[in-house]
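[1] can't give you the sequence, but here's the structure:
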């Protein structure tokens with residue numbers, strides 16, 4: 001990169017945070033809500049009484065990867081916390097092209113420092129997938145704003161649908177994008 005900057009240190013810090021969160025996720029007992037969502041993962045459906053199915057899908061995938069234990073239930077919550085960081089870094093780079101790369105990485109680390117992400121990365125709830133897909137939606141919208149091409153509209157639409165399959169409140173940021181499009 002220009003000016004001698006390398007994100008290697010940030011990557012090490014992110015990997016360390018992920019390892020700590022994986023360890024906590026493995027040893028912390030399941031909360032009653034998590035146990036409830038785990039039951040959903042054992043009985044797949046298109047939706048459940050109070051939430052769409054994405055949290056059950058993520059838990060099921062985690063259980064297939066790491067087993068039917070606390071780590072398996074929470075695995076994708078920890079991984080999505082890492083993914084959100086990279087999407088935020090991409091949004092900062094796309095929408096603020098004059099900003100130094102270290103500031104984009106700093107924004108990603110500040111996201112990691114928030115209480116919401118710290119909790120949602122360890123305890124799986126429907127908020128984990130919705131935050132992941134909304135951050136991906138923001139990244140896709142950043143690509144659209146910077147002239148990335150029509151395919152990014154498809155990505156934005158797909159991700160918006162996945163966000164709605166995560167939690168019904170995803171309609172609020174999607175509504176904001178629709179309002180922005182109507183005013184633009």
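    Yes, it's here. Just so you know, these numbers come straight off a predicted model, no measurement behind them.
[2] where does the chain dip in pLDDT?
    1-6, 184 (pLDDT under 70).
[3] Name the single longest helix found in it.
    In the chain, assigned by DSSP state H, the helix with the most residues is helix 70-95.
[4] For that one, buried residues please.
    Of the residues in helix 70-95, 70-85, 87-94 count as buried by neighbour count, 16 or more other Cβ atoms under 10 Å. From N, CA and C alone the C-beta is placed, and that goes for glycine too.
[5] burial measure for residue 102, as a count.
    Applying other Cβ atoms under 10 Å, we find 15 residues neighbouring residue 102.
[6] Just say helix, strand or coil for it.
    Look at residue 102: counting by DSSP: H, G, I helix; E, B strand; the rest coil, its state is helix.
[7] now it: how far from residue 130?
    Using Cβ to Cβ, to the nearest Å, residue 102 is found at 29 Å from residue 130.
[8] any idea how far residue 160 lies from residue 183?
    Taking Cβ to Cβ, one finds residue 160 at 18 Å from residue 183.
[9] Mind checking which of these two has more residues around it?
    residue 160 (22 against 6).
[10] who touches the helix or strand hosting the more buried one?
    Per DSSP states H and E: residue 160 is located in helix 151-164. If you take Cβ atoms under 8 Å, 6 or more residues apart in numbering as the criterion, helix 151-164 is touched by 52, 54, 129-130, 133-134, 136-137, 140-141, 143-144, 170-171, 173-174, 177.
[11] give me that answer again for 10 Å
    52, 54, 57, 87, 129-146, 148, 169-171, 173-174, 177-178 (Cβ atoms under 10 Å, 6 or more residues apart in numbering).
[12] Cross those against strands and list the overlap.
    Of those, none are assigned to strands by DSSP state E.
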